[in-house]
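Asker: Model the following, please.
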Amino acid sequence: MKKIIVTFIAFLMTISSLYAQETLEEKVLPLRERAKVMDDLLKHRLDTLVPMLMRREGIDAWVVISREYNEDPVLKTMLPATWLSARRRTVLIFLDHGEENGGVERMAAARYGVADIFKGSWNPDEQPDQWHRIAEIMDDFNPNRIALNYSDDWAHADGLTYSEQRDFVANIPDRLRTRIVSGEKLSVGWLETRTDMEMEVYEDVMEVAHGIIAEGFSGKVVTPGETSRDDLVWWFRQRINDLGLATWFHTSIEPERSDASLATIEANNLDPNVLYKGDHVHIDFGISYLDLQTDTQQNAYILRDGETDAPEALKIALKGGNDLQDILTDNFQVGRTGNEILKLTRDQSIAAGIGPIIYTHPIGLHGHAAGTTIGMWDKQEGVPGSGDYPMHANTAYSIELTALVDVPDSWSVEPMKMKLEQDGIYNGTTFRYIAGRQTEYHIIDPADAVIEE
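Answerer: Okay, here's the model as predicted:
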């Protein structure tokens, strides 16, 4: 344990020094340094999470099988940074010998060992048939429960193809076939659980995402009356690319306008896809960095002439959105299902005068990740399957929702749709946002425009 703590402290010091710069370009690590961070995170996850999860679910052997370019989603999260896919047929095997007998053994029953993470356990020159070698490993270990990745409720945990399952079952000894069980909960547990090391890195990943949003929501990028929604969308996509990052979904930009602004646009036959002074501008945006995903929805206001801040109506709407966030996260509790949390939150928010539409999902190694699902925009009465899954500690969520908030008639006679999304971590007792959440508007000031000489 002492060795793990010392290693962890050294890791945090390294990350801290790497991120001690100010600009986004300086915050984003070069590829070689990223690979080191990613592999350190992976090794720590394999060493700490897999034994805990296998024992929690009562699994003796976990077998993850994939062929190149048709990878099991779980297997892809277990490959080092220099492995961009499986190679030929890659079979990762975890055997739990018990803590007193050396713990969980990791091996790759494949032509290639997987870096120094999974030792190679098949020599084709000695045993040409890969399936026979896998069968030998299973026969020698004689596990009571063998987990394979198939699932009804999560695509993430359903990565085993028909042909791979067929051939695995056909080759193992008869007595072992009845010991095969779904690795669904094991896979979901692996994907949803965040380690302390990951959370330290997640703060930096989220700060980069927030920094990009702040850059785009400025008068240096948005010229009212000229910049269209698509212009801004593609500015964000290009900025992500220029920083050497990726995204897992296409950015979206959506203006929400006051009744007076809508009437002006219609009366003057203006293009509704262009952004104008007085617009409330909403973004849905995410990046992929260091094997972690972000998913953020924030809001900006474009100042009218003579204004220095967003109208009071918008501040009321944002406060209503923050209140709905608080109601939701206050209902987080280990063992409580997503559907139970959804119902409690909807009942409480309606009683508080807020119209709730809640579609909160786990996040981490995937954007729409495996774990406790709390509503979908079109399933406000509950989500079968993933909504029935109980919440666990040390899990991350994208708090995604819409609050329908009554605002002064000076903005709209109808409730305003305040759409917010911010990622956070639940440690089993308390919830906190990763690198904070939006409580004030981004202000787009046309006076900040860059004047070309």
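
Asker: ranges for the helices of the stretch 301-450 of the chain?
Answerer: In the stretch 301-450 of the chain, the helices defined using DSSP state H, counting those that start in this stretch lie at 312-330, 338-351.

Asker: and what of the stretch 51-200 of the chain?
Answerer: For the stretch 51-200 of the chain, the helices defined by DSSP H, counting those that start in this stretch occupy 73-76, 130-141, 162-171, 174-177, 184-192, 196-216.

Asker: Domain ranges for the protein, per the record?
Answerer: Listed by automatic domain parsing, the domain ranges of the chain are 52-190, 195-448.

Asker: wait, which of these is closest to L41?
Answerer: Between L41 and these, the shortest gap by C-beta to C-beta is with domain 195-448, which sits at 5.7 Å. Bear in mind the C-beta positions are built from the backbone N, C-alpha and C, glycine included.

Asker: hmm, back to that, just name the most buried of the helices of the stretch 51-200 of the chain.
Answerer: Highest mean neighbour count of these: helix 184-192, a mean of 24 (counted as mean count of other C-beta atoms under 10 Å).

Asker: could you give the mean pLDDT of that one?
Answerer: Averaged across helix 184-192, pLDDT comes to 97.

Asker: Put the alpha carbons of that helix into CSV.
Answerer: Only the C-alpha atoms of helix 184-192 are listed here, as CSV (Å, rounded to 0.1, in the frame of the first residue of the first chain):
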residue,chain,number,x,y,z
GLU,A,184,-22.3,-7.5,-17.7
LYS,A,185,-21.9,-6.1,-14.1
LEU,A,186,-18.2,-6.7,-14.2
SER,A,187,-17.9,-4.8,-17.5
VAL,A,188,-20.1,-2.0,-16.3
GLY,A,189,-18.2,-1.8,-13.0
TRP,A,190,-14.9,-1.5,-14.9
LEU,A,191,-16.2,1.2,-17.2
GLU,A,192,-18.1,3.3,-14.6
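
Asker: Can you list the neighbours in contact with it?
Answerer: 45, 49-50, 53-54, 56-57, 59, 62, 73-74, 77, 147, 149-154, 156-159, 362, 364-366, 369-372, 389, 392, 395-396 (C-beta atoms under 8 Å, 6 or more residues apart in numbering).

Asker: Just the buried ones from those?
Answerer: Neighbour counting by 16 or more other C-beta atoms under 10 Å classes 45, 49-50, 53-54, 57, 59, 62, 73-74, 77, 147, 149-151, 153-154, 156-159, 362, 364-366, 369-372, 389, 392, 395-396 among those as buried.

Asker: low-scoring stretches of this protein, by residue?
Answerer: 1-22, 450-453 (pLDDT under 70).

Asker: Can you tell me the centre-most residue of the chain?
Answerer: Nearest residue to the geometric centre of the chain (C-alpha atoms, centre = their mean): I363, 2.6 Å.

Asker: Apart from its neighbours in sequence, what residue is nearest that one?
Answerer: Spatial nearest neighbour of I363, excluding adjacent residues (C-beta to C-beta, 6 or more residues apart in numbering): S398 at 4.4 Å.
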